[in-house]
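Undergrad: quick one, structure for this:
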Amino acid sequence: QVQLVESGGGLVQAGGSLRLSCVASGRTFSKYAMGWFRQVPGKEREFVAAISWKDGTTHYADSVTGRFTISRDNAKNTVYLQMNSLKPEDTAVYYCAADSNFIGVTRAPDYWGQGTQVTVSS
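TA: All right, here's what the predicted structure looks like:
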């Protein structure tokens, strides 16, 4: 089992920045691909970003490319999502995710955090 706990959400004005953090525990963090998803009420959860465990390869949704950056610190069992140039349409609950497979973490991760709310005001 892997337990994931997100933090860093909040209210920010459009154009501002936030950094989300996700601390993992339970299994060898460095062997898991990590990702971020987001969800708004009435819509499906959507992929945002992912990072591999092996070589740090990253992948982003088109909607956040150039604005968001995913990174990880294996020594701290933590993955981050730096969000810049935020837009009102980025408002959502953001979920951390983990999977032993990089493709898996972008589609149907094995493990989820509880989510953290991000609200971007116009």
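Undergrad: switch to C-alpha atoms for all contacts and neighbour counts from now on
TA: Will do.
Undergrad: got the end-to-end distance for stretch 96-106?
TA: 11 Å (C-alpha to C-alpha, to the nearest Å).
Undergrad: and it, which residues are buried?
TA: Residues of stretch 96-106 classed as buried: 96-102, 104-106 (neighbour count, 16 or more other C-alpha atoms under 10 Å).
Undergrad: contacts for it, please.
TA: With contacts defined as C-alpha atoms under 8 Å, 6 or more residues apart in numbering, stretch 96-106 is touched by 2, 4-6, 22, 31-37, 47, 49-53, 109-115.
Undergrad: beta partners of the spatially most central residue of the chain?
TA: Central residue of the chain (C-alpha atoms, centre = their mean): residue 36, 2.3 Å from the mean position. Judged by DSSP bridges, the bridge partners of residue 36 are residue 49, residue 96.
Undergrad: where does it land on pLDDT?
TA: pLDDT, residue 36: 98.
Undergrad: who's in contact with it?
TA: By C-alpha under 8 Å, 6+ apart, the residues touching residue 36 are 47-50, 81, 94-97.
Undergrad: ok, now residue 110?
TA: Per C-alpha under 8 Å, 6+ apart, neighbours of residue 110: 97-99, 104.
Undergrad: again, only using 6 Å
TA: Applying C-alpha atoms under 6 Å, 6 or more residues apart in numbering to residue 110 gives the contacts residue 99.
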